[in-house]
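Q: sequence and predicted structure are below.
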Amino acid sequence: MRNIFKNAVLIASLCAAGPSFAQQPVDLRFIGRYYTGSFDQGATEIACYDPVSQRLFSVNGSNGNIDIINLSDPSTPSLISSISMTSFGGKANSVDFKNGTLAAAVEGLVKTDNGKVIFFDANGNYMNQVTVGALPDMLTFTPNGSKLVVACEGEPSADYTIDPIGVIAVIDSVQQIATLNQTHVTLLDFSAYNTTGVSGVRAYGPNANFAQDMEPEYVAVSKNSQKAWVTLQENNAMAEVNLATKRIVRVWPLGFKDHNVAGNGMDASDRSGSVLINTWPVKGMYQPDAAVSYNYLGQPFIVTANEGDAREYTTFVEAARMNSITLDSVTFPNRATLRTDAQLGRLNISKSMGDTDGDGDYDELYSFGARSFSIWNAAGQLVFDSGDMIEQYTAAMYPTRFNASNSNNTFKNRSDDKGPEPEGLTLARILGRTYLFLGLERIGGVMIFDITDPYAPVFVDYINTRDFAITPAAAYPADLGPEGLLFIQAAESPNGKNLLLVSNEISGSISIYETDYSCGNLLVSVCNNGVTECINQTQLTNYLASGATLGSCSSSARVSEEQVSMLSLAPNPAGDYINVRMLNSETKSGRLMVIDIAGRVVKEIQGLDFSANQNQRVSLTDMNAGLYQVVLMQSDGTMHSTKVAVSR
C-alpha cells in the first residue's frame, strides 16, 4: 500500500499544556556525515563555517585542536588539516567565524589559569591573540561583527582549593585583528555583588564569594548587537550585559519548574520497569546550557536549552540520590513510598538546597535541569516552557529505548538523572518563520519547533539518525551525543540549500541535513503537476491557488496551509482517547484513519460528523504506545493529516 504516514503533513493542535503542531515547513533530510573515527573523546563538539572558503572549523576535544573540514560538497565532507593548540596553552573549547576571521577560545595549561582567544585566518594561519578569564568555554561574534563576547566559566580546581572568578570578556575592534591588543579587552565579573548577593541566585560553592561562584556558560546576543544574555548554568541564573557600555546590567534567578503540575511531569526512575512520566513533588532547576536570542514584534526573546548540571569535585559533590537523604515528615507524609526505587528514590537531587528550616531534613526537593526548552522575554520573565513534551515524544518514538544514554542503549538509563538533556540549539529563519532546532544530548536527535510566536511554539518534527541496533562503542555510522548545532542559510551554503549541522561529541561525527523546502537563495520548492519547481516567494500564493503544493514532489508535505489549519487534535500526546475537530470547513463529514509508523491502517471510522464544529471523541484504548498518523478524508476528497503520540 502507499505509505500515507510518509506522505502526510504534521499538523495538529495540542492541549494548553504544550506546543501545537503545524505544517512542516522544514523537512530535514540527512545528506552526509563527517566522521573522525574517535569514540567518546569529544572529537566533534562545536563547529563554525566560512561561506567564502566553504570550510567548516570543528573543535576536536580528543586532542584539543581545531579541524578544518572541506564542506564544498556537504554529502562528502573531508578533513583538510588541523590547527594545533600546543603552542597556545591548553585545548580549544569553542570557535566562531566571521568576516574572514576564526576566533578560538583556548583554556590555559592549568584550567584555573587565564585562557586566551586566538585568531586565525581561513587557512589556519595565526593572526593574533588576547588573554581573557579562566576557562573560556564559549564565544560568539556579535551580528554586526564589531565585538566578540566570551563566557569564561572559571571552574574551580578538582579539590576546590582554587576557584577563579567567572568572567564575561568583551573584545572590541575584532574587525582589525592585526592591531588588536589587550586594551581592546574588557573583563566583566560579578564582584559588585559580593556583599549583597542576588536573591534567588544560587551561590553555594565551598568558601566561594559571589564572583567566584558565578560560572558563565553560554552567550546569546541581541540582533542589534547592543545586548548579550549569558547563562549561569550551575547558578540557575542569567546575566544581562550592555555591550555598548560594557557593563553587567543585572543578574536574575530563573526560578524553578514545578514538576508537581500537570504537563510538567517527568520520568524520575531508572528502576520503575516502564515509562512513568508522572507529576512529582520536585522542583526542577532550569540550569540552561545553550541560549539564543531572536525578535518577535520588535522585542527580543531568549531561548534556552535546559540541560542541568551538578557540581562534582573530589571535595564537593552536590548531587545525591533522594533515598540517601532524610525527608521532612510533615511536608512528605508519603515519604516511605516516595523513597522507593520505582518512584523518587533513585532521582539525583541537590544537597545544597531544600532544608528550608535548617533542622537537618529536607522540606523541598530540587533536581537538575528542566528536561525542556524555555523562552524568556527581555525582562527575564518565562513566557513559555515545553513542559514534559520532550519525554512524551521520545517515549512515543522509542518506547523500548526511552531515556537511553549516548553511551548505551539501556532503557530509562537517564531517567534518574536529567532525562534527555536538551543541551544545544540554534535558530533559523525560513520562509518568514523562526524555527528552533534542539539537540537532545542523551537519547540523541534533533527536535524542531516553530517559535515565531514565543507565546505559542509549534512542534514540527523530531529526527534521530542514531541506530539502536548498533552498540554505542561501535557507533559508526550512528550519531551520538549532540553538542553543538549550526544552521547555514541557503545564501551562504555550498550547495545553495539550507543546511543543519549537528556535532555529536560521543560518536565523533557531524551529521549534515538539508531543508527540503529550500531551492537556493530566496527560492521556494513546489510540486506543480508532478514536477518540482523552484519559484520566487512572491509567486507562491498563485502557485498554491492553482493546485501546486509546498515542497518538492518527494516531500513529506502535501497539504496547503489553508487546508491543514482546519484540523485540531487534543490532547496530544494522547492517552485513552483523542478529540478530533474540524475548523472553518464547509464540508462537515469524513472518514478517519489512524496509521502506524509502518504505514498500516490500525483504526478506521466512517462518517464522522463535524457539523457545528463539535469535537468527535475517538477511543485509543486498543492502540499501543507510539507515534501515529491521523488522516481525515473529507467527503469532498480533501485530505488532512496529523501526527499523534499515544502514551501508556
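A: Arrived safely, thanks for sending. Numbers count the residues shown, from 1 in each chain.

Q: where in the protein is the helix or strand with the lowest mean pLDDT?
A: Within the chain, no helix or strand scores below helix 561-564, which has a mean of 32 by mean pLDDT, DSSP states H and E.

Q: whichever helix or strand comes after it pairs with which strands?
A: Sequence-wise, the next helix or strand downstream of helix 561-564 (DSSP states H and E) is strand 567-570. Applying DSSP bridges, strand 567-570 is found paired with strand 577-582 (antiparallel).

Q: quick one: the strand it pairs with to chain centroid distance?
A: Strand 577-582 sits 30 Å away from the centroid of its parent chain (CA atoms, centre = their mean, to the nearest Å).

Q: CA atoms of the helix or strand following that strand as PDB?
A: Using DSSP H and E, the helix or strand that follows strand 577-582 in sequence is strand 589-595. Output of strand 589-595 as PDB, limited to C-alpha atoms (Å, rounded to 0.1, in the frame of the first residue of the first chain):
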ATOM      1  CA  SER A 589     -18.300  14.800   7.300                       C
ATOM      2  CA  GLY A 590     -15.400  12.400   6.600                       C
ATOM      3  CA  ARG A 591     -13.600   9.200   7.100                       C
ATOM      4  CA  LEU A 592     -10.800   8.900   9.700                       C
ATOM      5  CA  MET A 593      -7.900   6.600   9.600                       C
ATOM      6  CA  VAL A 594      -5.100   6.000  12.200                       C
ATOM      7  CA  ILE A 595      -1.900   4.700  10.600                       C
END
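
Q: strand 589-595 pairs with which strands?
A: Strand 589-595 has its sheet partners listed here by DSSP bridges as strand 601-609 (antiparallel), strand 626-634 (antiparallel).

Q: output those strands as CSV; include the columns mean pLDDT.
A: Below are those laid out as CSV (pLDDT from 0 to 100):
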stretch, mean pLDDT
strand 601-609, 82
strand 626-634, 76
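
Q: and the ones you listed: which comes nearest Gly64?
A: Set against Gly64 and scored by CB to CB, these come closest in strand 626-634, at 40.7 Å. Quick note: C-beta positions are derived from backbone N, CA and C, even for glycine.

Q: for the protein, which residue is closest to the average position?
A: The residue lying closest to the centre of the chain (CA atoms, centre = their mean) is Leu438, at 2.6 Å.

Q: what mean pLDDT does the helix or strand containing it have?
A: Leu438 belongs to strand 433-440 when assigned by DSSP H and E. When pLDDT is averaged over strand 433-440, the result is 95.

Q: contacts for the helix or strand following that strand next, please.
A: The first helix or strand that comes after strand 433-440 along the chain, using DSSP H and E, is strand 446-450. Strand 446-450 is contacted from outside by 19, 22, 25-26, 28, 373, 386, 390, 393, 422, 433-440, 457-464, 482, 485, 500, 502, 513, using CB atoms under 8 Å, 6 or more residues apart in numbering.

Q: again with stretch 313-326
A: Counting by CB under 8 Å, 6+ apart, 156-160, 204-206, 310-312, 338-341, 344-352, 360-362, 365, 368, 416 sit against stretch 313-326.

Q: same question for stretch 177-187.
A: If you take CB under 8 Å, 6+ apart as the criterion, stretch 177-187 is touched by 101, 119, 127-128, 130-133, 152, 167-174, 246.

Q: isn't Leu499 up against Asp73?
A: No - contact criterion CB atoms under 8 Å: Leu499 and Asp73 do not qualify, at 11.8 Å.

Q: of those two, who's got more company?
A: The neighbour comparison of Leu499 against Asp73 (other CB atoms under 10 Å) goes to Leu499, with 26 against 13.

Q: about what we covered before: in helices, which of the contacts of strand 446-450 appear?
A: When DSSP state H is applied, those are split such that Ile390, Tyr393 fall in helices.

Q: pLDDT of the one helix or strand Ser94 maps to, averaged?
A: Per DSSP H and E, Ser94 falls inside strand 92-98. If you average the pLDDT over strand 92-98, you get 98.

Q: for Thr331, what are its contacts?
A: Applying CB under 8 Å, 6+ apart to Thr331 gives the contacts Asp363, Glu364.

Q: give me phi/psi at it?
A: Backbone torsions of Thr331, given as degrees, to the nearest 10, read phi -70, psi -40.

Q: check what pLDDT it gets.
A: Taking Thr331 on its own, its pLDDT is 97.

Q: change the start of the numbering to 4 and stick with it
A: Done: numbering now begins at 4, and the last item shifts to Thr334.

Q: so how far is Asp362 from it?
A: Applying CB to CB, to the nearest Å, the value for Thr334 to Asp362 is 11 Å.

Q: and what of Ala181?
A: Going from Ala181 to Asp362 by CB to CB gives 63 Å.

Q: which of these two has more neighbours?
A: Regarding Ala181 and Asp362, a neighbour count based on other CB under 10 Å identifies Asp362 as having more, with 10 against 7.

Q: against Tyr207, how distant is that one?
A: Separation of Asp362 from Tyr207 (CB to CB) stands at 19 Å.

Q: what are the ranges of the helices in the chain?
A: All helices of the chain, identified by DSSP H, fall at 213-216, 338-341, 392-400, 543-548, 564-567.

Q: can I get those helices in TSV with distance to Asp456 and mean neighbour count?
A: Listed next are these as TSV, based on distance: least, CB to CB, whole Å; neighbours: other CB atoms under 10 Å:
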stretch	distance to Asp456	mean neighbour count
helix 213-216	36	22
helix 338-341	38	15
helix 392-400	16	24
helix 543-548	21	13
helix 564-567	15	17
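
Q: closest one to Lys260 among those helices?
A: Lys260 lies closest to helix 392-400 among the helices of the chain, at 12.7 Å (CB to CB).

Q: quick check: mean pLDDT across the closest one?
A: Helix 392-400 comes out at a mean pLDDT of 93.

Q: report the distance from that helix to the chain centre.
A: With CA atoms, centre = their mean as the basis, helix 392-400 stands 14 Å off its chain's centre.

Q: contacts for it?
A: 21-22, 268-270, 278, 280, 374-376, 405-406, 422-423, 425, 443, 446, 450, 462, 465, 467, 576, 628-630, 648-650.

Q: how far off strand 449-453 does that helix point, in degrees?
A: Here the directions of helix 392-400 and strand 449-453 differ by 120 degrees (axes from the mean of the first three to the mean of the last three CA atoms, to 10 degrees).

Q: thinking again about what came up before, note down every partner strand of the strand holding Ser97 and its orientation.
A: Strand 95-101 pairs in its sheet with strand 104-109 (antiparallel), by DSSP bridges.

Q: could you export the partner strand as CSV, CA atoms only?
A: Extracted C-alpha coordinates of strand 104-109, given in CSV (Å, rounded to 0.1, in the frame of the first residue of the first chain):
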residue,chain,number,x,y,z
THR,A,104,38.5,35.5,10.9
LEU,A,105,38.4,32.4,13.0
ALA,A,106,38.2,33.0,16.8
ALA,A,107,39.0,30.2,19.2
ALA,A,108,38.5,30.0,22.9
VAL,A,109,41.5,28.3,24.4
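
Q: low-confidence bits of the stretch 404-553 of the chain, can you list those?
A: 477-480, 519-528, 534-535, 540-541, 553 (pLDDT under 70).

Q: so who does the closest residue in space to Gly45 that isn't next to it in sequence touch?
A: The shortest distance from Gly45 to any non-neighbouring residue, by CB to CB, 6 or more residues apart in numbering, is to Gly64 (2.7 Å). For Gly64, the contacting residues are Gln44, Gly45, Ala46, Glu48, Lys94, Glu508, by CB under 8 Å, 6+ apart.

Q: save those residues as JSON lines, and put in neighbour count and distance to Ala293 too.
A: Shown next, in JSON lines, are these (neighbours: other CB atoms under 10 Å; distance: CB to CB, whole Å):
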{"residue": "Gln44", "neighbour count": "15", "distance to Ala293": "21"}
{"residue": "Gly45", "neighbour count": "21", "distance to Ala293": "16"}
{"residue": "Ala46", "neighbour count": "26", "distance to Ala293": "20"}
{"residue": "Glu48", "neighbour count": "22", "distance to Ala293": "12"}
{"residue": "Lys94", "neighbour count": "24", "distance to Ala293": "20"}
{"residue": "Glu508", "neighbour count": "26", "distance to Ala293": "13"}
